[in-house]
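Undergrad: build me a model from this:
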Amino acid sequence: MKRILLILAISTPLLLTACKQSDETTSPPTNTTTVTKTKSELFEFVPADTPYLFANLESIPSDVTDAYLKNALPLYTSLRDNIAGFVKDSEQLTDDTPTSDIDTGVDKDVNNDSDNNFLDDTSFAHLAFVHSILNDLINNPGIEGIEKIGFSADAKSVIYGLGLFPVVRMEIGDEARLRATLEKAFTEAGGIPEEKTLNGRKYWQAGNDQFQLITSIDANEFALSFIPTSLATEALPNILAQSKPENQLDLIKSLTTLNQNNDYTNYGSGWLDTLKLFDLFLNSDSSAASTMRQMLEFDAQSITQICRDEYNSMAATYPRMHSGYHSLSPTETKSSFTIELQQELANDLQSLVIADALSTTGSGGLLNIGFALNFAKAREWLLETAKKRVENPYKCEQLAGLNQTYAQAYEGLNRPMPPFVGNLIGFKLFIDELDLGQIAMSNPVPQKIKAMLALLTSNPEMLVGMGQMFLPELAELDLSPGADPVELTLEGIPKPDEPVWAAISKSAIGVAAGEGMHTKLLDFLADGGSKGGEFISVGIDGEFQSKMEAASTAFMQDDHSSQTTPAIPPLFERLYISASFTSKGIVINQTTQLKK
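TA: Numbering: from 1, shown residues only. Now for the predicted structure:
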């Protein structure tokens with residue numbers, strides 16, 4: 001069962017991306033546009049107890065979709081080639097009879113028992129299906145190509161759960177074209193499953209004795225679900241839009257409220273409800289919940305009321321997670337992900353943030369990273385939290401391990417803390433130039449680099465004093481807050497060929513390496529402009545990020561000659577990420593700039 005989720009993990013996002021488009025050319029500035037009901041009423045089949053939901057209430061502008069589809073072509077190509085390579089290597093290693101038509105160079109002897117073979121771990125049929133879809137996306141780039149294979153130019157979509165099990169619904173453009181696309185994919189996967197009918201709606205069903213993949217196309221929508229075999233018959237009417245749930249979620253109201261409260265657009269947003277998730281395990285008597293518990297060998301009847309209360313209390317601490325797009329354009333996307341927290345916990349975490357510690361994320365450079373937190377106060381808060389649990393441990397026997405973890409944490413935190421740790425606030429790193437091909441495990445110090453590193457502290461002079469024990473030359477240098485940077489000789493330790501400089505400010509100590517970087521060091525050490533509870537900020541160049549991934553293998557293999565050319569070309573120009581503690585909880589903001 002290790003690979004049977006791949007078809008959903010890859011195909012579903014690709015299909016959803018393809019369908020979220022319209023004939024608009026510019027993105028509306030707000031999310032207040034009136035939402036109209038779709039012709040297939042695809043939003044009306046979501047049960048109220050779904051633990052998760054994601055949908056776009058409005059069609060994504062066509063220029064945005066076109067830009068993202070074309071930008072993703074290198075990823076599609078890499079995924080397709082990796083699937084073909086994996087199948088070829090596996091077939092050669094195991095000498096298994098190939099069960100798919102992936103072009104791997106291995107002779108094929110297709111097994112046409114596709115209804116039962118499709119999701120078997122010993123079969124590559126599901127990989128062949130994904131391979132075919134990827135081929136179509138690669139050979140038909142952009143919106144025109146997507147419409148050619150049957151998708152809509154004005155589509156909405158939704159993902160929800162029957163229990164934990166996903167259902168995807170989306171509007172389509174041309175039933176005949178999309179049917180031909182999927183039949184071709186099934187053929188390459190070993191054969192088209194028998195097409196069945198329920199109350200006039202046709203569908204395909206393929207799988208094994210554990211799971212079934214159900215797909216269906218009608219004149220208005222495409223539906224897909226990955227469902228346990230024992231639940232498939234009962235779930236079919238919902239998947240095929242034959243029966244609305246008895247308790248139906250008002251999806252439009254739910255997401256409209258979410259979007260308005262979090263400044264999300266209607267182009268894509270959703271949530272995961274922790275309380276509903278726990279209810280599935282502990283209380284729900286639905287068939288989906290019962291099937292899930294049986295598959296996981298989880299006996300809800302054995303859970304005592306004390307345990308139920310404590311589990312629910314834990315879930316209430318993190319009641320919901322949600323995400324959405326704030327803005328979309330052909331060149332840039334802004335989105336966020338929020339972990340909602342119990343108000344007392346959110347307030348406690350906010351108190352740990354140090355305002356203005358980090359530099360606001362700007363342009364330029366290969367990499368910018370910053371982290372800042374009041375470590376002394378964080379230690380006190382963690383110690384007090386652990387103490388409360390030690391004095392009032394969980395009574396549920398199944399949470400005994402957590403009690404032990406809290407006790408160990410209390411013991412460790414209750415020890416004296418070195419003074420420099422209590423004064424520590426965080427760090428900042430800026431890399432302007434770096435040749436990753438020079439770095440290996442035996443030589444981790446690059447010879448050519450332009451970069452700056454700063455340790456943020458409430459007492460930089462103390463860190464200088466400690467540093468003198470390891471670098472005696474520091475005692476001879478004029479390192480005082482605000483003084484000009486001084487050059488370091490760093491005798492006897494690995495160092496780059498570039499000059500290295502050091503300086504301190506009232507709240508940081510830092511070094512700069514590379515020609516001319518010392519002229520920027522004092523500004524780098526100065527307080528930043530971070531606001532709103534921000535404690536982490538990251539900015540990274542897309543090409544550098546791809547090269548870092550490629551170089552990591554060479555580093556572990558200690559191979560200086562390995563190429564740092566990425567296997568997948570960069571998918572973005574620049575990526576910005578920040579994390580903040582807010583009154584709502586933990587908020588992670590992301591801005592992605594597409595390659596031009």
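
Undergrad: every contact and neighbour count from this point should use C-alpha atoms.
TA: OK.

Undergrad: now the strands for the stretch 51-200 of the chain?
TA: Counting by DSSP state E, counting those that start in this stretch, the stretch 51-200 of the chain has strands at residues 52-56, 157-162, 165-171, 195-198.

Undergrad: tabulate those in JSON lines, adding columns for mean neighbour count, distance to residue 410 and mean pLDDT.
TA: Output for these, formatted as JSON lines (neighbours: other C-alpha atoms under 10 Å; distance: least, C-alpha to C-alpha, whole Å; pLDDT from 0 to 100):
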{"stretch": "strand 52-56", "mean neighbour count": "23", "distance to residue 410": "35", "mean pLDDT": "96"}
{"stretch": "strand 157-162", "mean neighbour count": "24", "distance to residue 410": "40", "mean pLDDT": "96"}
{"stretch": "strand 165-171", "mean neighbour count": "23", "distance to residue 410": "39", "mean pLDDT": "94"}
{"stretch": "strand 195-198", "mean neighbour count": "12", "distance to residue 410": "60", "mean pLDDT": "92"}
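
Undergrad: got those strands as TSV, with distance to residue 294 columns?
TA: Converted to TSV, these look like this (distance: least, C-alpha to C-alpha, whole Å):
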stretch	distance to residue 294
strand 52-56	21
strand 157-162	15
strand 165-171	14
strand 195-198	28
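
Undergrad: of the ones you listed, which is nearest residue 147?
TA: Nearest to residue 147, of all those, is strand 165-171, at 12.2 Å by C-alpha to C-alpha.

Undergrad: and the angle for that closest one with strand 157-162?
TA: Inter-element angle recorded for strand 165-171 and strand 157-162: 160 degrees (by axes from the mean of the first three to the mean of the last three C-alpha atoms, to 10 degrees).

Undergrad: re the thing from before, residue 505 is nearest to which of the strands of the stretch 51-200 of the chain?
TA: Taking the strands of the stretch 51-200 of the chain one by one with C-alpha to C-alpha, strand 52-56 is closest: 47.2 Å.

Undergrad: elements contacting that closest one?
TA: strand 157-162, strand 269-273 (3 or more C-alpha pairs under 8 Å, 6 or more residues apart in numbering; DSSP states H and E).

Undergrad: how far off strand 269-273 does it point, in degrees?
TA: Counting by the same axes, to 10 degrees, strand 52-56 points 170 degrees away from the direction of strand 269-273.

Undergrad: strand 52-56: partners in the sheet, and parallel or antiparallel?
TA: Paired with strand 52-56 in the same sheet, following DSSP bridges, are strand 157-162 (antiparallel), strand 269-273 (antiparallel).

Undergrad: in JSON lines, list those strands along with distance to residue 503.
TA: Formatted as JSON lines, the strands paired with strand 52-56 follow (distance: least, C-alpha to C-alpha, whole Å):
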{"stretch": "strand 157-162", "distance to residue 503": "53"}
{"stretch": "strand 269-273", "distance to residue 503": "46"}
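
Undergrad: what ranges does the stretch 151-300 of the chain have for its helices?
TA: Assigned by DSSP state H, counting those that start in this stretch, the helices in the stretch 151-300 of the chain fall at 175-188, 229-239, 251-262, 274-282, 287-295.

Undergrad: which strands and helices sit next to the longest one?
TA: Taking 3+ C-alpha pairs under 8 Å, 6+ apart as the contact definition, the neighbouring helices and strands of helix 175-188 are helix 125-139, strand 211-217.

Undergrad: where among those is the average confidence lowest?
TA: Per-stretch mean pLDDT for these is lowest at helix 125-139 (a mean of 83).

Undergrad: what's that helix packed up against?
TA: helix 6-19, helix 73-94, helix 142-148, helix 175-188.

Undergrad: worst average pLDDT in the ones you listed?
TA: helix 6-19 (a mean of 45).

Undergrad: thinking again about what came up before, among the helices and strands packed on strand 52-56, which comes closest to residue 592?
TA: Nearest of these (C-alpha to C-alpha): strand 269-273, 16.8 Å.

Undergrad: how far off centre is that closest one?
TA: 14 Å (C-alpha atoms, centre = their mean, to the nearest Å).

Undergrad: cool, and stretch 258-273?
TA: Using C-alpha atoms, centre = their mean, the distance from the centre of stretch 258-273 to the centre of the chain it belongs to is 17 Å.

Undergrad: the nearest residue to residue 459 once chain neighbours are set aside and residue 486: what is the separation?
TA: Setting aside the residues directly before and after it, residue 459 is nearest to residue 423 in space (C-alpha to C-alpha, 6 or more residues apart in numbering), at 6.1 Å. Plainly put, residue 423 is 24 Å away from residue 486 if you go by C-alpha to C-alpha, to the nearest Å.

Undergrad: same question for residue 292.
TA: Here residue 292 is placed at a distance of 64 Å from residue 486 (C-alpha to C-alpha).

Undergrad: next, residue 405: phi, psi?
TA: In terms of degrees, to the nearest 10, the main-chain angles of residue 405 are phi -60, psi -40.

Undergrad: what's the spacing between it and residue 349?
TA: For residue 405, the distance to residue 349 equals 21 Å [C-alpha to C-alpha].

Undergrad: and these two? Which one has more around it.
TA: residue 349 (21 against 14; other C-alpha atoms under 10 Å).

Undergrad: how many other residues sit next to the closest residue to that one other than its chain neighbours?
TA: Distance criterion C-alpha to C-alpha, 6+ apart; nearest residue to residue 349, sequence neighbours excluded, is residue 581 at 6.1 Å. Neighbour count of residue 581, defined by other C-alpha under 10 Å: 25.

Undergrad: which residues sit in contact with the closest residue to residue 218 other than its chain neighbours?
TA: In space, residue 218 comes closest to residue 175 once its chain neighbours are excluded; the distance is 6.4 Å by C-alpha to C-alpha, 6+ apart. Neighbouring residues of residue 175 by C-alpha atoms under 8 Å, 6 or more residues apart in numbering: 150, 217-220.

Undergrad: contact partners for the residue nearest to residue 459?
TA: By C-alpha under 8 Å, 6+ apart, the residues touching residue 423 are 375-376, 457-459.

Undergrad: how does it look with 10 Å?
TA: For residue 423, the contacting residues are 374-376, 456-460, 462-463, 507, by C-alpha atoms under 10 Å, 6 or more residues apart in numbering.

Undergrad: as a markdown table, those with secondary structure and pLDDT would be great.
TA: Conversion of the contacts of residue 423 to a markdown table gives the following (DSSP: H, G, I helix; E, B strand; the rest coil; pLDDT from 0 to 100):
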| residue | secondary structure | pLDDT |
| --- | --- | --- |
| 374 | coil | 90 |
| 375 | helix | 89 |
| 376 | helix | 89 |
| 456 | strand | 90 |
| 457 | strand | 87 |
| 458 | coil | 84 |
| 459 | coil | 82 |
| 460 | helix | 78 |
| 462 | helix | 75 |
| 463 | helix | 71 |
| 507 | coil | 87 |
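
Undergrad: now the residues you listed: which count as buried?
TA: Buried residues within these, counting neighbours by 16 or more other C-alpha atoms under 10 Å: 374-376, 456-460, 463, 507.

Undergrad: make TSV from these and add distance to residue 264 to it.
TA: Converted to TSV, the buried ones among the contacts of residue 423 look like this (distance: C-alpha to C-alpha, whole Å):
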residue	distance to residue 264
374	31
375	33
376	36
456	34
457	37
458	38
459	42
460	42
463	44
507	37
